[in-house]
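Engineer: Pasting the sequence and the predicted model now:
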Amino acid sequence: QVQLVESGGGSVQAGGSLRLSCAASGRTFSTYAMGWFRQAPGKEREFVAGISWSGGSTYYADSVKGRFTISRDNAKKLVYLQMGSLKPEDTAVYYCAARNTRVGVPVAIHDYEYWGQGTQVTVSS
C-alpha cells in the first residue's frame, strides 16, 4: 500500500517555473514506477511524465518535453516534477501516481494503482 501527497502547486505567470513534489508512504517505494498526470477543466486526465523504479528511465508527453523534468529520491520517498517555461495551457490539477513494477515506465491511467489527491497549477498569460 502506498499513499501519495502532492505539494508545490500554485499560480504563476506564463514563462515561469514551479516544482511539484510527491511524498510517498510505504516500505516499498523504491519498487514503484511513478508518474505525473494532469486534468484541466472539462478535459480528460492525461499523462505528463513518468519515471522508472530506479530513476534510470523517464518518459514525457510531447506537450511538455524539454520544459518539464521528472526525478525521484528513493531514500526520501519523493518524486519531483520541475516545470519550466510554463504556458496557460499547462493549467490543471496535477496528480502523482504509483505502480508497483520494475518494468519500464507506465503511461496509461489504468496502469497505475495509487493516486494522490492532486495539486492545482494555474498559469496566467
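Structural biologist: Thanks, I have it. Everything quoted here is computed from the prediction, not taken from an experiment. Numbers count the residues shown, from 1 in each chain.

Engineer: which stretch of helix or strand covers the most centrally placed residue in the chain?
Structural biologist: In the chain, the C-alpha nearest the mean C-alpha coordinate belongs to Trp36, at 2.2 Å (Cα atoms, centre = their mean). Taking DSSP states H and E as the criterion, Trp36 maps to strand 32-39.

Engineer: And the strands in the chain?
Structural biologist: Defined through DSSP state E, the strands belonging to the chain, from first to last, are 3-7, 10-13, 18-25, 32-39, 46-51, 58-60, 68-73, 78-83, 92-100, 114-115, 119-124.

Engineer: Can I get those in TSV including distance to Pro106 and mean pLDDT?
Structural biologist: In this view, the C-beta of every residue, glycine as well, is placed from N, C-alpha and C. Listed next are the strands of the chain as TSV, based on distance: least, Cβ to Cβ, whole Å; pLDDT from 0 to 100:
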stretch	distance to Pro106	mean pLDDT
strand 3-7	15	97
strand 10-13	27	98
strand 18-25	15	97
strand 32-39	6	97
strand 46-51	6	98
strand 58-60	9	98
strand 68-73	13	98
strand 78-83	14	98
strand 92-100	5	97
strand 114-115	12	97
strand 119-124	21	98
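
Engineer: Tabulate those strands (CSV), appending distance to Ala108.
Structural biologist: As requested, the strands of the chain are exported to CSV (distance: least, Cβ to Cβ, whole Å):
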stretch, distance to Ala108
strand 3-7, 18
strand 10-13, 28
strand 18-25, 18
strand 32-39, 9
strand 46-51, 7
strand 58-60, 12
strand 68-73, 16
strand 78-83, 18
strand 92-100, 10
strand 114-115, 13
strand 119-124, 21
